Every structure is written in structure tokens, then in C-alpha cells.
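Asks: give me the fold of what follows.
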Amino acid sequence: MRRILLSIGLVLAASAGSNAIAAGPSPYVGQESREIKALSTQDIDDLVNGRGMGLAKAAELNGYPGPMHVLEMSLDFKLTPDQIRVVTGFKNKMSDAARSLGAEILARERQLDQQFVAGTTNESQLIKETEAIGALYGKLRSVHLVAHLRTQGVLTAEQISLYNQRRGYGPDPAPQTPEHSMHGK
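Replies: Residues are numbered from 1 along each chain as shown. Next up, the predicted model:
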């Protein structure tokens with residue numbers, strides 16, 4: 001009997017705690033007036049301008065420098081004119097693709113938001129739309145990761161080490177590759 005009363009008491013206490021949490025203000029307060037409810041102003045700006053938004057962290061934090069940052073610090077790294085030309089090509093291709101995908105993501109997010117505003121969405125539409133948005137985010141992430149992968153291939157081990165130091169990463173996360181040689185993929 002004592003065990004049953006203790007169990008009932010624990011269930012009631014847990015229930016009261018969860019009700020208290022649910023009754024408090026939502027962390028979403030104020031976001032209901034956003035243009036696209038699921039995206040902040042910064043998210044929208046990043047998508048419009050093709051910024052990385054942390055999508056390439058797997059590369060960045062494992063010794064695969066980003067082309068934009070490499071070019072910003074090109075004098076520090078003593079990049080050759082050929083390295084600058086190749087990395088600039090990677091950055092431009094990445095930026096163009098990222099802006100294009102960002103525009104597609106924003107259009108789909110806006111459409112999804114408007115379906116909820118109008119009360120016209122249904123489960124089938126919702127699944128289709130969110131899967132399409134997810135696929136676009138996957139492509140966007142690939143664009144950024146590929147640019148990091150290609151950039152790493154044109155830098156020397158010393159340049160990558162200096163990049164990691166300047167970006168504040170320690171100890172040197174440069175990948176162990178047989179040789180860092182330039183390629184223009």
C-alpha cells in the first residue's frame with residue numbers, strides 16, 4: 001500500500017510540474033509577427049546572401065578551411081596567385097549556388113507558412129512540403145561542405161595550420177592526408 005501511495009504521489013508531482021511548465025510563456029512569444037514564422041530575420045538574411053549558417057562545421061572544425069575565410073586572410077597565408085584564382089572560383093560557385101538554394105528555401109518556407117495562415121494545409125501537403133524543404137537544406141549544406149573540401153585540397157599543410165590558428169581552433173585539426181596538392185575540382 002505504501003508503494004502504491006508513493007507511486008501516486010510521484011505521478012501527481014510530475015504532473016503538477018509539467019502543468020506549471022506548460023502554463024508559462026512560450027519561448028516563441030513575439031515570433032508570431034515574423035514574415036516567415038519558422039525563420040528569424042538573421043536566418044532570412046543568411047539564406048538571401050548565401051552565408052554558411054554553420055552548415056559546414058563538420059569540415060571547418062576538422063581542418064577543411066572555408067574559401068571565403070581563406071580569401072579574407074590571403075595575405076597572412078601567402079597564397080600564390082594560382083591559389084587565389086582557384087579558391088576564388090570555389091567561393092564564387094559556392095556563393096552563387098547557396099544564394100539560389102536560399103531563394104528556393106525561402107519561397108518554400110513562405111508557401112508553407114501561408115498554408116497555415118490560410119488554414120489550407122493538410123497532412124499530405126505538409127509532408128510533401130517539409131520533405132522538399134529538407135532536401136533543399138541538404139543540397140545547401142553539400143554546397144558549403146564541398147567548397148571546404150575543395151579549398152583544403154589547394155592549400156599546403158602550413159597554410160591549413162595557420163588558418164586553424166587564426167580561427168582559434170586548437171590543437172591543429174588538419175586532416176592527415178598523404179599530400180596537400182592543388183586540384184581544380
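
Asks: can you map out the helices along this structure?
Replies: 2-23, 41-49, 57-60, 67-72, 74-77, 81-118, 123-152, 157-166 (DSSP state H).

Asks: tell me which of those lies nearest to residue 32.
Replies: helix 81-118 (10.7 Å; CB to CB). Backbone N, C-alpha and C define where each C-beta goes, glycine included.

Asks: how far away is the residue nearest the centre of the chain from residue 144?
Replies: Among the residues of the chain, the one closest to the centroid is residue 55, at 2.8 Å (CA atoms, centre = their mean). Distance of residue 55 to residue 144, computed by CB to CB, to the nearest Å: 5 Å.

Asks: what does residue 151 give?
Replies: 11 Å.

Asks: quick check: neighbours shared by these two?
Replies: residue 66 (CB atoms under 8 Å, 6 or more residues apart in numbering).

Asks: picking up where we left off before, so the residue nearest to the centre of the chain makes contact with residue 145?
Replies: Yes: taking CB atoms under 8 Å as the contact criterion, residue 55 and residue 145 are neighbours in contact, 7.4 Å apart.

Asks: which residue is the nearest non-sequential neighbour of the residue nearest to the centre of the chain?
Replies: Nearest non-adjacent residue to residue 55, counting by CB to CB, 6 or more residues apart in numbering: residue 141, 4.3 Å away.

Asks: just residue 86 next, same as before
Replies: Nearest one to residue 86, counting by CB to CB, 6+ apart, is residue 154 at 5.1 Å.

Asks: low-confidence stretches in the chain?
Replies: Low-confidence segments of the chain (pLDDT under 70): 1-22, 171-185.

Asks: one more time with 80, if that's ok
Replies: Along the chain, the parts satisfying pLDDT under 80 run over 1-23, 170-185.

Asks: and residue 148, how many neighbours?
Replies: 25 (other CB atoms under 10 Å).

Asks: relative to residue 54, how far out is it?
Replies: 12 Å.

Asks: list residues touching both of the two?
Replies: Common neighbours of residue 148 and residue 54 (CB under 8 Å, 6+ apart) do not exist.
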